[in-house]
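Visitor: Return atomic coordinates for the entry below.
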Amino acid sequence: AQLSWILRTIPESELFGLPHDPGRHEVQAKGNSSPAAATTHRTGEERETEMALTNFIVTAAVVGGALLLFTTDVRKSGAVFRRNARQIRQWLEEDTASAASKSAKEAVPPPRKLDTEVPKDKPKDH
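Guide: Numbers count the residues shown, from 1 in each chain. Next comes the predicted model:
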């Protein structure tokens, strides 16, 4: 309640740092100095224009913030993906090297060489 009283008593120009324009902004009613007597002298068209401008500024700020968060998120996700891909590649290379050395140890030994000289059969005597 106190905040609304403050907002009604302080001219918009002082709130937002705008130049003071007493003909357009809040004016104290004649003979009554209460904050409730303060009125704004703006036409409906002026209020609609201000509302449209405010909506545009808020929308632009929200879209800009969302874009900033989205691009940051995309960059972080890309970095995480690259790191994961490197780790998986490293694991695959280690696994391949391990499998190769394991298969080399467990490999069947090469066949023994047979004597190259074939013994000649003696002819049978009858």
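Visitor: For the chain, just list every one of the helices.
Guide: Counting by DSSP state H, residue ranges of the helices within the chain are 2-9, 12-16, 44-106.
Visitor: Out of the ones you listed, flag the one nearest residue 113.
Guide: For residue 113, the closest of the helices of the chain is helix 44-106, at 21.2 Å, according to CB to CB. For every residue, glycine as well, the C-beta is placed using N, CA and C.
Visitor: Distance-wise, check residue 43 relative to residue 55.
Guide: The spacing between residue 43 and residue 55, counted by CB to CB, to the nearest Å, is 18 Å.
Visitor: In the chain, where is pLDDT below threshold?
Guide: Along the chain, segments meeting pLDDT under 70 span 1-3, 5-8, 10-42, 107-110, 114-120, 122-126.
Visitor: One more pass at 80, please.
Guide: 1-44, 102-126 (pLDDT under 80).
Visitor: what residues go with each domain of it?
Guide: Per the record, the chain has its domains at 1-41, 44-101, by automatic domain parsing.
Visitor: Now stretch 71-83 - C-alpha only, CSV.
Guide: Listed in CSV are the C-alpha atoms of stretch 71-83, where the atom choice follows Å, rounded to 0.1, in the frame of the first residue of the first chain:
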residue,chain,number,x,y,z
THR,A,71,23.5,-19.6,-27.4
THR,A,72,25.4,-20.2,-24.1
ASP,A,73,23.6,-23.5,-23.7
VAL,A,74,24.4,-24.5,-27.3
ARG,A,75,28.1,-23.7,-26.7
LYS,A,76,28.3,-25.6,-23.5
SER,A,77,26.5,-28.6,-25.0
GLY,A,78,28.9,-28.6,-27.9
ALA,A,79,31.9,-28.6,-25.6
VAL,A,80,30.4,-31.4,-23.5
PHE,A,81,29.7,-33.4,-26.7
ARG,A,82,33.3,-32.9,-28.0
ARG,A,83,34.7,-34.0,-24.6
